[in-house]
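# Predicted coordinates and the sequence they were generated for:
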Protein chains: 2
Amino acid sequence: MRSMWTAPEHLLLASTSALRAELLTRAGLPVRPVAPVVNEREVQQRLVNQGERPQGVARQLAGAKACSVSDSLPAAYVIGFDQTLEFEGTCLSKPASKEDLLERLTRFSGRQHSLHSGYAIAKGGQVIDQGVATALVTFRSFSTGFAKSYIDMAGPSALGSVGGYQIEGLGVHLFEFVEGDYYTIIGTPIFQLLHALRTLGLIVR
Amino acid sequence: MRSMWTAPEHLLLASTSALRAELLTRAGLPVRPVAPVVNEREVQQRLVNQGERPQGVARQLAGAKACSVSDSLPAAYVIGFDQTLEFEGTCLSKPASKEDLLERLTRFSGRQHSLHSGYAIAKGGQVIDQGVATALVTFRSFSTGFAKSYIDMAGPSALGSVGGYQIEGLGVHLFEFVEGDYYTIIGTPIFQLLHALRTLGLIVR
């Protein structure tokens, strides 16, 4: 077992994403996934209505997810994540349909959008640390025909992410370049998380 | 089959890296791996002796690998890759032993090094396009004790990469931050490669 985790408490992941669990485990943080109990859409809408910026939404939603698990399992450390997409100052939700995704990709073509990835660490039902990392993604200029081919090839998985792409898959064909690290793009800002865990004395330093 | 490849010719990968083949396939480029016949160490040493810079070494070695496969299978398109590590102006090879790796990590602690990732596309025994992308990696300051723990936990795989780490694994514990994309760090500069394949009219645009 290649574990960097040194605390006696259990480490839980407030997420059902298999990708997140896998990469944290590979990075020496063997997490046990527990589904958070948060109505993401509702919380996001409330925060946006309160004037919260997309960065703050990601940070706070990560905290809400971690707390929802920590409330019922207070003895463990719980990590939560959330990602928001900002385009021209607006916080976008996941595309609702293929048509919606086509319209979005066409608008993104040749332009830049931001991905804000929040993390939070909770214990005893309280957030003890949280933060957010941002990546800038510049799409290359492509035709509507290309966007249609891409959506057909990517299949339903494209609707599962807010940007309509997976950088670890066909998404690379949409990009001109990216500023910011891979882990931020996939919604798991591990460098910031490890820095926090190190500061809290929970992992090997 | 989610293929972005539109040319009638076969697409070969002059590499036996399972990670490279997997990520190219996931990115819609279903490659067939063929082992290149190149004495990498010897070619690298010759290029360095000729005064070639680390960036040029990665570019040229990628070309040599692609050509070595293209020579025997001239009808196909062949992609080759190579990665070099530059630290304080010097081109480093893979660490030879655990002691060598410990010495290297200790020197890298708190400092920056560059990873140059070259790609080449060959056909008919000739390179038809090649390029190189660079990422800058800044290591956090860590103790020799940490470096030893890291090497023990990472196991033999750490010796298989020139930097002694895998960003998709425990390597994240060494980093302060990175400038440049994930694909460049893992030695497969896919954005530059896709741009070239698009320009050559070989993939869906």
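Yep, that arrived. Residues are numbered from 1 along each chain as shown, chains lettered A, B, ... in the order given.
# Residue in chain A with the shortest distance to chain B?
residue A:182 (3.2 Å; Cβ to the nearest Cβ). To be clear about C-beta, it is placed using only N, CA and C from the backbone, and glycine gets the same treatment.
# Can you name the residues that contact that residue?
Residue A:182 is in contact with A:167, B:167, B:181, B:182, counting by Cβ atoms under 8 Å, 6 or more residues apart in numbering or on different chains.
# again, but for residue A:176
Here residue A:176 is in contact with A:138, A:139, A:140, B:191 (Cβ under 8 Å, 6+ apart).
# So it, which state does it fall into?
Under DSSP: H, G, I helix; E, B strand; the rest coil, the three-state class of residue A:176 is strand.
# Give me the distance between residue A:34 and residue A:76.
Using Cβ to Cβ, to the nearest Å, one obtains 9 Å as the distance from residue A:34 to residue A:76.
# Give me the common contacts of the two.
Here residue A:34 and residue A:76 have residue A:12 as joint contacts, going by Cβ under 8 Å, 6+ apart.
# who does residue A:138 bridge with?
residue A:112, residue A:177 (DSSP bridges).
# which residues sit in contact with residue A:155?
Taking Cβ under 8 Å, 6+ apart, we find residue A:155 in contact with residue B:2.
# Tell me where chain A has helices.
A:18-26, A:40-49, A:54-70, A:98-108, A:144-154, A:182-185, A:190-199 (DSSP state H).
# Turn these into TSV, including distance to residue B:162.
Shown next, in TSV, are the helices of chain A (distance: least, Cβ to Cβ, whole Å):
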stretch	distance to residue B:162
helix A:18-26	20
helix A:40-49	41
helix A:54-70	35
helix A:98-108	36
helix A:144-154	33
helix A:182-185	19
helix A:190-199	21
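# would you list those helices in a markdown table and tack on distance to residue B:81 and mean pLDDT?
Output for the helices of chain A, formatted as a markdown table (distance: least, Cβ to Cβ, whole Å; pLDDT from 0 to 100):
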| stretch | distance to residue B:81 | mean pLDDT |
| --- | --- | --- |
| helix A:18-26 | 22 | 94 |
| helix A:40-49 | 39 | 94 |
| helix A:54-70 | 34 | 98 |
| helix A:98-108 | 29 | 95 |
| helix A:144-154 | 24 | 94 |
| helix A:182-185 | 18 | 92 |
| helix A:190-199 | 25 | 97 |
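# looking at the ones you listed, which is closest to residue A:12?
Closest approach to residue A:12 among the helices of chain A (Cβ to Cβ): helix A:54-70, 5.8 Å.
# and chain A, which of its residues are near chain B?
With Cβ under 8 Å from any Cβ of the partner chain as the criterion, chain A meets chain B at residues A:2-4, A:23, A:26-28, A:142-143, A:146, A:149-150, A:153-155, A:167-170, A:172-173, A:175-178, A:181-183, A:190-191, A:194, A:203-205.
# For chain A, identify the residue most remote from the centre.
Residue farthest from the centre of chain A, counting by Cα atoms, centre = their mean, is residue A:145 at 29.0 Å.
# Distance of the residue nearest to residue A:143 when sequence neighbours are not counted relative to residue A:142?
Setting aside the residues directly before and after it, residue A:143 is nearest to residue B:205 in space (Cβ to Cβ, 6 or more residues apart in numbering or on different chains), at 7.7 Å. Distance of residue B:205 to residue A:142, computed by Cβ to Cβ: 7 Å.
# For these two, work out which one has more neighbours and name it.
Shown here are residue B:205 and residue A:142; by other Cβ atoms under 10 Å in any protein chain shown, residue A:142 has more neighbours (21 against 17).
# pretty sure the more buried one contacts residue A:108?
No: when contacts are counted by Cβ atoms under 8 Å, residue A:142 is not listed as touching residue A:108 (9.5 Å).
# Show me whatever sits in contact with both of the two.
The contact lists of residue A:142 and residue A:108 share residue A:174, where a contact means Cβ under 8 Å, 6+ apart.
# May I have stretch A:32-39 exported as CSV, CA atoms only?
Output in CSV follows, covering the C-alpha atoms of stretch A:32-39 (Å, rounded to 0.1, in the frame of the first residue of the first chain):
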residue,chain,number,x,y,z
ARG,A,32,-13.2,5.8,0.6
PRO,A,33,-15.9,7.4,-1.6
VAL,A,34,-19.2,8.4,0.1
ALA,A,35,-21.9,10.2,-1.9
PRO,A,36,-22.6,13.7,-0.7
VAL,A,37,-26.1,14.8,0.0
VAL,A,38,-26.3,18.2,-1.6
ASN,A,39,-28.7,19.5,-4.3
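# how about it: buried residues?
Judged by neighbour count (16 or more other Cβ atoms under 10 Å in any protein chain shown), stretch A:32-39 contains these buried residues: A:33, A:34, A:36, A:38.
# what's the last one in contact with, if anything?
For residue A:38, the residues meeting the contact criterion (Cβ under 8 Å, 6+ apart) are A:61, A:64, A:65, A:68.
# do that again at 10 Å, thanks
Residue A:38 makes contacts with A:14, A:44, A:61, A:63, A:64, A:65, A:66, A:67, A:68, A:69, A:80, A:82, as judged by Cβ atoms under 10 Å, 6 or more residues apart in numbering or on different chains.
# Please identify, among the residues you listed, the one with the most neighbours.
For these, the largest number of neighbours (other Cβ under 10 Å) sits with residue A:66, at 33 neighbours.
# quick one: it and residue A:79 touch, right?
Yes: Residue A:66 is within contact range of residue A:79, at 6.3 Å (criterion: Cβ atoms under 10 Å).
# Need the residues touching each of the two.
A:12, A:13, A:14, A:15, A:119, A:120, A:121, A:122, A:129.
# could the residues you listed go into CSV alongside pLDDT and distance to residue B:114?
Compiled in CSV, the shared contacts of residue A:66 and residue A:79 are given as follows (pLDDT from 0 to 100; distance: Cβ to Cβ, whole Å):
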residue, pLDDT, distance to residue B:114
A:12, 98, 38
A:13, 98, 34
A:14, 98, 37
A:15, 96, 34
A:119, 98, 28
A:120, 98, 34
A:121, 98, 33
A:122, 98, 38
A:129, 98, 32
